[in-house]
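Engineer: heads up, no residue letters with this:
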């Protein structure tokens, strides 16, 4: 704590979208309470601090750093190491830092194929000289460098020692406030815990839809069915990640009849969210013959992108095989 | 040649750096905007079900997710059919981003005299088409 009794807080984004910073702004009037309780020392999205300012801090200077975004480039990784050094408590904030999130779907591909698609074959790109990003450019005035783009997206926990994990894409404002209160009050659970979400429930426990015995004879894509708002979406044959996902969001998606996609990460005591969901899907298929089962399961389009929508880099699969 | 790096540029969504080169007299010889980030949505959107893209593309930018959500929802709709319900069309017309999220606070709650500027308002044709279409909702 600083001499004025305020918490020293830092926020950073690596490979992220900025939604986690907006989630903090979503605290609304409570942001004034946050300002009263904490001095913000680093927050590129909202305030003007440079990397040099962070480098100049003594080690362990910041009490808490909320780090969102996955580790996609060498710069992201350097910042993760730097902020670990300069902070007492490093929090993986949001789904990207926690488990890879949507940018983690890039682990289905490699560096080369991503570059080719983005810089050469994309319909909106004109690149007749076929330039691809290099880590160093020699310009007439001098050298300019950009970070190295890794083959694989990693989570913050895979490159640095993380104290706490706050799940969600993005974390919901009441949950963020609960985390802030826990930090201010010193009521943090043991290191390595997931905070800002339910310790023991799944999304199904928060969902208002009524669950019955599940017998699925056909899996539907959203445009093939108008869901019944009272019945469990999974019962109706719509794949929903609720059973494999940690509670904390208040079942936002299912409350408007959209199936859960699992942004709050694996359910408590579940190691691999996708495997848990796969097992849930397999257990509800109601087939008399093997052909029937094969037909029903084949109706699941894009299984890896559905079961591992938010958690591929943190999962046991981690990525597809590199050639 | 002396180089000044503004690293990172701040108070906007996205990562960036500005490298400024100074000549012997200390004047600016050249300046470069460097964008040291890429996630590759163009690639990993491949293979995903088209109806899921309105929930994937908003993660391009968490500050303006509505724009990416609407764009992919429109593209998805048009890739499936050219005829769709009027109600869906009116939802499309209610593009909330420019009006409600980004400019309304400064348009209506200025600390000085509230002003209305057409430059900040949604374009007239979209307002008319929205009003017209909602008559049938």
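Structural biologist: Yes, it's here. The structure displayed is predicted, hence computed values, not measured ones. Residues are numbered from 1 along each chain as shown, chains lettered A, B, ... in the order given.

Engineer: which residue does chain B have closest to chain A?
Structural biologist: residue B:62 (2.2 Å; CB to the nearest CB). Quick note: C-beta positions are derived from backbone N, CA and C, even for glycine.

Engineer: let me see the contact set for the closest residue to chain B within chain A.
Structural biologist: Using CB to the nearest CB, residue A:19 is the residue of chain A that sits closest to chain B, at 2.2 Å. The contact partners of residue A:19, taken as CB atoms under 8 Å, 6 or more residues apart in numbering or on different chains, are A:94, A:169-170, B:58-59, B:61-63, B:65.

Engineer: I'd assumed residue A:21 was in contact with the residue of chain B closest to chain A.
Structural biologist: Yes. The pair residue B:62 / residue A:21 is scored as a contact, 7.3 Å apart, by CB atoms under 8 Å.

Engineer: could you list the domains of chain B?
Structural biologist: Using automatic domain parsing, the domains assigned to chain B come out as B:2-34, B:39-83, B:85-137.

Engineer: if you could redo that for chain A, that was the one I meant.
Structural biologist: A:7-102+A:153-185, A:110-150, A:203-307.

Engineer: and the helix ranked longest in chain B, what does it pack against?
Structural biologist: If each helix of chain B is counted by residues according to DSSP state H, the longest one is helix B:65-80. Using 3 or more CB pairs under 8 Å, 6 or more residues apart in numbering or on different chains; DSSP states H and E, the elements in contact with helix B:65-80 are helix B:53-56, helix B:86-93.

Engineer: try it again with 6 Å
Structural biologist: helix B:53-56 (3 or more CB pairs under 6 Å, 6 or more residues apart in numbering or on different chains; DSSP states H and E).

Engineer: quick check: the gap between residue B:35 and residue B:9.
Structural biologist: 10 Å (CB to CB, to the nearest Å).

Engineer: anything in contact with each of the two?
Structural biologist: residue B:16 (CB atoms under 6 Å, 6 or more residues apart in numbering or on different chains).

Engineer: can you list the residues of the stretch 151-300 of chain A near chain B?
Structural biologist: Applying CB under 6 Å from any CB of the partner chain, we find that the stretch 151-300 of chain A lies next to chain B at A:222-223.

Engineer: ranges for the helices of the stretch 151-300 of chain A?
Structural biologist: Taking DSSP state H, counting those that start in this stretch as the test, the helices found in the stretch 151-300 of chain A are A:156-159, A:173-185, A:203-206, A:252-255, A:273-284, A:290-298.

Engineer: likewise the stretch 1-150 of chain A?
Structural biologist: A:19-25, A:30-37, A:51-55, A:74-86, A:95-99, A:111-115.

Engineer: likewise chain B?
Structural biologist: Under DSSP H, chain B gives helices at B:41-44, B:53-56, B:65-80, B:86-93, B:96, B:104-108, B:124-134.
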